[in-house]
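*Asks:* Give me a 3D structure for the following:
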Amino acid sequence: MNPIECSVSLHPYFKVHAGQLPAVKALLRAFVAKTATEEKVIGYEFTINGDEVFCREAYTSAEGVLAHLTNVDAELDKMRTLATLARLEVHGPAGELEKLKGPLGALNPQWFVYECGVRR
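*Replies:* Purely as a prediction, here's the structure:
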C-alpha cells in the first residue's frame, strides 16, 4: 500500500467565539510547535476564514492520530474555551478509520473512506 492509501487525515473546523480570534491565533502556534515533534505527522497547518479556523492535518496511521491528540490535549482544552468544534471530518482507509471510531466517536465526526488518488 502506498503512503496515501494508508494515511489518515483530520479536518476540524472551529467557530471562534466573539473577540477570541487573537487568543486563538496565539494558541495555533503552540499547537504547531508541539505537533512538529511528532514522529507520525505528515503535515499540519491552519487556515482562517473570518471567525472560522480550519486545521489540515495528516498522519501515517490511526496510531499517529491518537498520539497527536494525546500530545496536544492541553491545547485542545484551551481551544474549547475559545471556540466551538463546528465540524470534524476523518479521512482514510477503512481499516484505519475503524481504529478511530471508538476514540473519536463522541466528537461525532464524518467518516470518509479512501477510494483512490495520486501523490507526487
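
*Asks:* Counting neighbours, what do you get for H68?
*Replies:* Applying other C-beta atoms under 10 Å, we find 20 residues neighbouring H68. The C-beta positions use only the backbone N, C-alpha and C, and glycine is treated the same way.

*Asks:* What ranges does the chain have for its strands?
*Replies:* 8-16, 41-49, 52-59, 83-92, 110-113 (DSSP state E).

*Asks:* For the ones you listed, give me TSV that also has mean pLDDT, distance to K34 and mean neighbour count.
*Replies:* Shown next, in TSV, are these (pLDDT from 0 to 100; distance: least, C-beta to C-beta, whole Å; neighbours: other C-beta atoms under 10 Å):
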stretch	mean pLDDT	distance to K34	mean neighbour count
strand 8-16	98	15	19
strand 41-49	97	10	14
strand 52-59	97	12	19
strand 83-92	98	18	17
strand 110-113	98	26	12
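
*Asks:* Dump these into TSV; add distance to A74 as well.
*Replies:* Output for the strands of the chain, formatted as TSV (distance: least, C-beta to C-beta, whole Å):
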stretch	distance to A74
strand 8-16	16
strand 41-49	17
strand 52-59	16
strand 83-92	15
strand 110-113	26
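
*Asks:* Thanks a lot, catch you later.
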